[in-house]
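# Okay, here's the prediction I keep looking at, along with the sequence it came from:
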Amino acid sequence: MRQLLDPNTTYIDDSVVLGENCIIYPNVMIKGNTIIGDNTVIFMGSYIEDSIIGKDNIIYTSYVIKSVIGDGNTIGPYAHIRAGNNIANQNKIGSFVELKNNEIKNNVKIPHLSYVGDASIENHVNIGAGVKVANYDGKKKYRTLIRESVFVGCNSVLVAPVTLDSESYVAAGSVITENVPEHSLAIARQRQINKDL
């Protein structure tokens, strides 16, 4: 059974394939060669185009364009999944996150307010709030590799090309321009100085 809560405000192209037990909220647009797997819930205001979305996903008020999403993911609210993303299973892509041309494996958390472009992210990675992957130097785009079980602290910038090796940590507020070895903590920020006024 497929459930359109308000068919009068929902637009779904004839080319779209919907799985069983999907719930589509009002004011949703699904276009092109899109396939949506069983038991997926798409909340109001979402726009999906030319994408493959697996089963058991929840998409809260987000854009998904020309991407592949596996099973059991939570997307949004207000995420922008741009073209070229391949997101595997059991991931959280949260509020105001923008993704472009990434390979994301399993159990990755990018909860809020981040931009990640041209990156490969392995399993069990946590990306803190406000993290940016700087993938473009004005002439060429570069890739970032984040290996398993990496933790990136809030408001950090990863300047590609750079690799964060397994089980490494990036301290909040760091600007990372060199590779980070496994089992290490990278701190790349000016030490705080307090001066009398």
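The structure has been received and is ready for your questions.

# Got the phi and psi for residue 46?
phi -80, psi 150 (degrees, to the nearest 10).

# Report the contact partners of it.
25, 28, 29, 59, 60, 61, 62, 63, 64, 76 (C-beta atoms under 8 Å, 6 or more residues apart in numbering). Any C-beta I mention is one placed from the backbone N, CA and C, and that applies to glycine too.

# Export those to a markdown table and append columns for secondary structure, distance to residue 113 and neighbour count.
A markdown table is the format used below for the contacts of residue 46 (DSSP: H, G, I helix; E, B strand; the rest coil; distance: C-beta to C-beta, whole Å; neighbours: other C-beta atoms under 10 Å):
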| residue | secondary structure | distance to residue 113 | neighbour count |
| --- | --- | --- | --- |
| 25 | coil | 24 | 20 |
| 28 | coil | 24 | 22 |
| 29 | strand | 25 | 15 |
| 59 | strand | 18 | 27 |
| 60 | coil | 15 | 19 |
| 61 | coil | 16 | 19 |
| 62 | coil | 14 | 23 |
| 63 | strand | 16 | 20 |
| 64 | strand | 19 | 31 |
| 76 | coil | 13 | 24 |
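
# residue closest to the middle of the protein?
Nearest to the centroid of the C-alpha atoms of the chain, with distances taken as C-alpha atoms, centre = their mean, sits residue 93, at 4.5 Å.

# The helix or strand hosting it pairs with which strands, parallel or anti?
For residue 93, the element it lies in under DSSP states H and E is strand 92-95. Using DSSP bridges, strand 92-95 pairs in its sheet with strand 74-75 (parallel), strand 109-112 (parallel).

# most packed of these?
Compared across the strands paired with strand 92-95, strand 74-75 shows the largest average neighbour count, a mean of 22 (mean count of other C-beta atoms under 10 Å).

# Now that one: average pLDDT?
Averaged across strand 74-75, pLDDT comes to 98.

# Run through who's touching it.
Here strand 74-75 has contacts from 57, 58, 59, 60, 62, 64, 69, 81, 91, 92, 93, 94, using C-beta under 8 Å, 6+ apart.

# Just after it, pick out the following helix or strand.
Past strand 74-75, the next helix or strand by DSSP H and E is strand 80-81.

# what's that next one packed up against?
strand 63-65, strand 98-100 (3 or more C-beta pairs under 8 Å, 6 or more residues apart in numbering; DSSP states H and E).
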